[in-house]
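In: give me a model of this one.
(2 chains)
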Amino acid sequence: MTRKYDAIIIGGGHNGLTAAAYLARAGKEVLVLERRHVLGGAAVTEEIYPGFRYTVCSYVVSMLRPEIIRELDLPRHGLEIVPEECLFTPLPDGDRLILWADRDATRREIKRHSAKDAESYERFGQLMYHMALAVKPILSMVPPDPTSLSPRDLSQLLKLGGHFSSLSEKQFYALTKLMTMSVTDLLEEWFESEALKAALSASGIIGSFVGPRSPGSAYVLLHHYLGEVDGATSAWGFPKGGTGAVSNAIACAAREHGAEIRTEAPVEQVIVKNGRAVGVALESGEEIQASVVISGLDPKLTFLKLVDTNQLPTDFVESIRNFKIRGSSGKVNLALSGLPNFTCMPGPGPHLRGSTSIGPTVDYLEQAYDDAKYGCFSKKPWLGVVLPTVFDPSMAPPGQHVMSIFVQYAPYNLERGWNDAQREAFGDAVIDALAEYAPNIRDIILHRQVLTPWDMEQSIGLTEGNIFHGELALHQLFFLRPTAEWANYRTPIDNYYQCGSGTHPGGGITGAPGRLAALEILKDGI
Amino acid sequence: MLKGTPFHSKTSALCQSHEWQRWSGYLTAASYELHHEWEYHAIRGSTAMIDISPLYKYRITGPDAERLLNRVVTRDVSKCAVNQVFYTPWCDEAGKVIDDGTLQRFSEQDFRLTAAGPNLHWLCENAYGMDVSIEDESAQVAALALQGPTSREVLKQVTDANLDRLGYFRMTCANVGDIPITISRTGFTGDLGYELWLNPEHAESLWDKLMDVGQIYGLRPVGMYALGLARIEAGLILTAVDYISSHHALIESQTSSPFELGLGWAVSLGKGNFVGRKALMAEKQRGPTWHFVGLELDWPSLERLYEAIGMAPQAPHIAWGTSVPLYDGRKQVGYATSGCYSPILKKYIGLATVEADYSRLGTQMMMEVTVNHQRKQAPVRVVKTPFFDPERKRI
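Out: As a prediction, the model looks like this:
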């Protein structure tokens, strides 16, 4: 055994790094162990094709907590977030719908599709503003256990109750609907334009194995508006340098505070003695001691692989086994010799400075889901397309571009299993879907990288390729994430903690699980 | 009637927002697009092209050029090498700042002084008995700033100048095609950047050339709103906002000395006599009454003020430039003169003038904020400026 650390963090993803930074900032001796040669987990930027840097998996910063940006001084460490200019949905009839950052431009655009919707959209936005305000404090709160009578849980619950009682009746009912309805049903109560419903529905399905007509999908829509409430702080957008730049900035902050970070140091197991975690054993055979061990990996890996399940209560193991972590999305990264040329909006322009959604109707999205339900990747998948080089030209040679395409659906459990042929067929389906709206795409592709959920599991270690470390379904959120009684970052093993996206408040590059876990660990005193 | 700058035919065609500001009698775009957010990110992420032609420019030549300038400005001009640029303030006899700008040295006897306001008369007055020529070339020189991390690459595509060897605050003469220009590595953004000085007759063709080659480097025209954010982040003072020129002040208390504006480093008391030296010597000895500081507002406190009325916090995305009181308890201890929400730092920052006792880093005080029509106070603390200072600015 070598020296002893105060804390060892398994996994150098953005949450693990955030936890490391906060612990180091509090004066603790911290060691981060990352299996790969690069830091960031799913938030990595890699030069897969010479001269072109891909934001390999995640591609947008959603709700990175402003307090983390401030407290860790991330801009000094290179973080820069550029806001999205628009959400661009090309339509099959040669038209399009663009929701701009500018209110007047958006109203005028929606009005071309429906004058009524143009007005409803603003009222809808107002309602969602209040919903997001109601939900927002939860993001920065350690989930209290509603069945517990401990003073801490009670005071948190009381605070929460007080908070919700400040909502008007109308707002409270709206929140209940939002938590239970399907995104399409909700939108149908508000809008008549198919294009608008489709554009907004797409936000309800990202990263989840649900369709726009599946109950519970409305909640995910709220995430989008949470970004808007944070709008004052503009924390929603594209990170310069790809999402790897976010991880690197957090790592820099952690190192500055004295944290030690080792790459290519895969952990074999957490060493548990007498029900307490005391260190880790690396695959290399090296053993390192620590007062606490923190896993930034998903709940399946944290509890079913890193520790001997003999050390855990039976019902706990059962609930982790039941934790839904079905991967549903893929990713295609392209190196391009020029810009895509959309038939409905030819040439370059501000419509390329945001996200492009290939998913013109709700039926299109639902049909894409239908394929996946029965073990196929979507023949016509929904695509979330961004061009990182438009806001950060340094990611490719001058005049050339990288394109990030988030694809849904690609089930982890493909009927005949994923293999090279299936992966390429999936990649082809993506390019075909895009080429319907931007026919020049095939002529400008210099290189293509296709990632299936299986690839994401293999390369980054996301179980079943689930980008959120477990679905953001209501039964897996807040005090139920990852499982009842253990939502406060602690685990049934003493001195063993969890800080990944499988804990509250869940996936996306928020840093919140990492920060909240670190603050809880400090409260326990190490 | 406001005038267009030499770039007006170009800027007006691109100004979708139709938001214009006046700058020394000229029209300048406040923002080109409907909002200025992306323009701001061009400054920090790619290249911003900013029309700065309304600056006043004076050409000072002759055997006594250096002598005149050393009499007028507070820095030691003899230390300004040929092809070097000095930022400097200049004062009246009372040691109060009249204006500030950059001084470019073309040769031993040839300088250009840029200024925010008219200074011809002041320069001529001080040239009494000197062998020097002073020319107001404001209208004869167009100026265009290229600012941002890719600005060097953009310029490299169009000029023969050796930009890799052009240091911070150095200048060089170069050609863009057949257009002769002067390039100075200066700017008002606190980022890597250059300012181009040229004959106005070439202004439009230079604009077109840069727009053309700059496209693949993310170059975009940028207006005053975005510049206003960048200059606060850079901690740079702005005349008529952060201080009043002693030539325009109505009462003595409106004036500021260089020491009170954080420009003590630019005052060379040892160089021999210059305008204001005596007063500045005395002030240095007793210490300035006021200090110029950077402020950071405690965001969670502002959030709580808004939360109490059921709103998300609102932040100034366009910089403000009015006087806002700062308090310690009930006592006013200073005033903030500019502020904004910094898009890159995710912080509400400001520039302020405070009593000497309140200028130490980390000092806390309260700043007045208006929260939905209500006057409230939020804590601010003194922090170091520049707020944002990327390495690329100098290397």
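
In: now the residue of the stretch 251-400 of chain A found nearest chain B: closest residue in space, sequence neighbours ignored.
Out: Nearest residue of the stretch 251-400 of chain A to chain B (CB to the nearest CB) works out as A:Gly399 at 3.8 Å. In short, each C-beta sits where N, CA and C put it, glycine included. Spatial nearest neighbour of A:Gly399, excluding adjacent residues (CB to CB, 6 or more residues apart in numbering or on different chains): B:Ile216 at 3.8 Å.

In: so who does the one you found touch?
Out: B:Ile216 makes contacts with A:393, A:398-399, as judged by CB atoms under 8 Å, 6 or more residues apart in numbering or on different chains.

In: in JSON lines, list the residues you listed along with neighbour count, distance to A:Ala259 and secondary structure.
Out: Converted to JSON lines, the contacts of B:Ile216 look like this (neighbours: other CB atoms under 10 Å in any protein chain shown; distance: CB to CB, whole Å; DSSP: H, G, I helix; E, B strand; the rest coil):
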{"residue": "A:Pro393", "neighbour count": "25", "distance to A:Ala259": "32", "secondary structure": "helix"}
{"residue": "A:Pro398", "neighbour count": "16", "distance to A:Ala259": "37", "secondary structure": "coil"}
{"residue": "A:Gly399", "neighbour count": "13", "distance to A:Ala259": "40", "secondary structure": "coil"}
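
In: ok, the residue in the stretch 151-300 of chain B that chain A sits nearest to to A:Leu339 distance?
Out: When scored by CB to the nearest CB, the stretch 151-300 of chain B has B:Ile216 as its residue closest to chain A, at 3.8 Å. Computed as CB to CB, to the nearest Å, the B:Ile216 to A:Leu339 distance reads 10 Å.

In: do B:Thr5 as well
Out: The spacing between B:Thr5 and A:Leu339, counted by CB to CB, is 31 Å.

In: just B:Arg304 next, same as before
Out: Counting by CB to CB, the gap from B:Arg304 to A:Leu339 is 45 Å.

In: higher neighbour count, the two?
Out: A:Leu339 (20 against 12; other CB atoms under 10 Å in any protein chain shown).

In: confirm that one sits in a helix?
Out: No. Counting by DSSP: H, G, I helix; E, B strand; the rest coil, A:Leu339 falls outside a helix, being coil.

In: thought it was touching A:Val402?
Out: No. Judged on CB atoms under 8 Å, A:Leu339 makes no contact with A:Val402 at a distance of 11.4 Å.

In: shared neighbours, those two?
Out: Common contacts of A:Leu339 and A:Val402 (CB under 8 Å, 6+ apart): A:Leu387.

In: which is the succeeding secondary structure element to the lengthiest helix in chain A?
Out: Looking across chain A with DSSP state H, the single longest helix is helix A:115-139. Per DSSP states H and E, the first helix or strand lying C-terminal to helix A:115-139 is helix A:151-165.

In: residues of the stretch 151-300 of chain B that sit close to chain A?
Out: Within the stretch 151-300 of chain B, the residues that sit near chain A (CB under 8 Å from any CB of the partner chain) are B:153, B:215-218, B:299-300.

In: the strands in the stretch 251-395 of chain B, which residues?
Out: For the stretch 251-395 of chain B, applying DSSP state E, counting those that start in this stretch gives strands covering B:290-297, B:324-328, B:331-342, B:347-355, B:364-371, B:374-383.

In: any idea which of the ones you listed is most buried?
Out: Of all the strands of the stretch 251-395 of chain B, strand B:347-355 carries the top mean neighbour count, a mean of 24, counting by mean count of other CB atoms under 10 Å in any protein chain shown.

In: can you pull out the helices in the stretch 201-350 of chain B?
Out: Using DSSP state H, counting those that start in this stretch, the helices of the stretch 201-350 of chain B run over residues B:203-214, B:224-233, B:277-286, B:299-307.

In: distance of the residue of the stretch 151-300 of chain B closest to chain A relative to A:Glu84?
Out: Computed as CB to CB, the B:Ile216 to A:Glu84 distance reads 21 Å.

In: in the stretch 401-526 of chain A, what residue is nearest chain B?
Out: Closest to chain B within the stretch 401-526 of chain A is A:His401: 9.6 Å, counting by CB to the nearest CB.

In: does that residue have any beta-bridge partners, and if so which?
Out: A:Leu336 (DSSP bridges).

In: you'd agree it is up against A:Asn333?
Out: No. Look at A:His401 against A:Asn333 with CB under 8 Å: they stay out of range, at 11.2 Å.

In: sorry, back to before: redo the residues of the stretch 151-300 of chain B next to chain A as CSV? Include pLDDT.
Out: Shown next, in CSV, are those (pLDDT from 0 to 100):
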residue, pLDDT
B:Glu153, 96
B:Gln215, 92
B:Ile216, 91
B:Tyr217, 94
B:Gly218, 93
B:Trp299, 93
B:Pro300, 92
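
In: contacting residues around the residue nearest in space to the middle of chain B?
Out: Closest residue to the average C-alpha location of chain B: B:Phe188 at 4.5 Å, with CA atoms, centre = their mean. With contact taken as CB under 8 Å, 6+ apart, B:Phe188 is in contact with B:52, B:145, B:147, B:227, B:230-231, B:234, B:236.

In: and residue 175, how many neighbours does it have?
Out: Went with chain A since none was named. Neighbour count for A:Leu175, taken as other CB under 10 Å: 19.

In: my question was about chain B, not that one.
Out: As a burial measure, B:Asn175 scores 12 neighbours (other CB under 10 Å).
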